[in-house]
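S.K.: what shape does this take:
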Amino acid sequence: MDKIVVAALSLGLVLPFSVAAHHGPGQFGGGDTLEVTGSVTRVRLVNPHGYIYFDVADESGNAVPWRCELQAGSLLKRAGWSEDLFPIGEEITVRGEKGMNEPTA
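M.R.: Numbers count the residues shown, from 1 in each chain. Next up is the predicted model:
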């Protein structure tokens, strides 16, 4: 869905400096951008970070659970986001840096 790709791209432009300060070095992929498409399973707009959980099909067609870390839920809600923006089962495309310590985050 376009709004998710735009949100993820915007997040990638805004957060790199604050993420480095907040999480320290080695938490994220060091600038390598990844794009994955999957089906929404859960949305949590909480603090200190919001999350979108989604299943991505692997080469064999098996569902692999992924997680996308976002800004603080309170900031997202003030910007007009709600869990309703991401209906369960809806296909989304997320673009951003891959987590260094978790292969599907």
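
S.K.: going by C-alpha atoms from here, please, whenever you check contacts or count neighbours.
M.R.: Noted.

S.K.: residue contacts, residue 70?
M.R.: 11, 49-52 (C-alpha atoms under 8 Å, 6 or more residues apart in numbering).

S.K.: oh, that last question was meant for residue 48, not what I typed.
M.R.: Contact analysis of residue 48 by C-alpha under 8 Å, 6+ apart lists 71-73.

S.K.: hang on, the earlier thing: and the contacts of residue 70 as CSV, adding neighbour count and pLDDT?
M.R.: Listed next are these as CSV, based on neighbours: other C-alpha atoms under 10 Å; pLDDT from 0 to 100:
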residue, neighbour count, pLDDT
11, 16, 47
49, 16, 93
50, 19, 95
51, 18, 95
52, 19, 96
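
S.K.: which among those residues gets closest to residue 99?
M.R.: residue 51 (13.3 Å; C-alpha to C-alpha).

S.K.: pretty sure that closest one contacts residue 43?
M.R.: Yes - shown here, residue 51 and residue 43 form a contact pair, counting by C-alpha atoms under 8 Å, at 5.9 Å.

S.K.: burial check on the nearest residue to residue 77 once chain neighbours are set aside, number of neighbours?
M.R.: Take residue 77 and drop its neighbours on the chain: the residue closest to it by C-alpha to C-alpha, 6 or more residues apart in numbering is residue 45, 7.5 Å away. For residue 45, the tally of surrounding residues (other C-alpha atoms under 10 Å) stands at 21.

S.K.: list the contacts of residue 45.
M.R.: So residue 45 contacts 51, 72-74, 76-77, 82-83 (C-alpha under 8 Å, 6+ apart).

S.K.: in strands only, show me those.
M.R.: Counting by DSSP state E, the contacts of residue 45 place residue 51 in strands.

S.K.: thinking again about what came up before, what subset of the contacts of residue 48 is buried?
M.R.: 71, 73 (16 or more other C-alpha atoms under 10 Å).

S.K.: pick the one among the contacts of residue 48 closest to residue 99.
M.R.: Closest to residue 99, out of all of those and judged by C-alpha to C-alpha, is residue 71, at 15.0 Å.

S.K.: and the gap between the residue nearest to the closest one when sequence neighbours are not counted and residue 60?
M.R.: By the measure of C-alpha to C-alpha, 6+ apart, the closest residue to residue 71 outside its immediate chain neighbours is residue 49, 5.1 Å from it. From residue 49 across to residue 60, the span is 32 Å (C-alpha to C-alpha, to the nearest Å).
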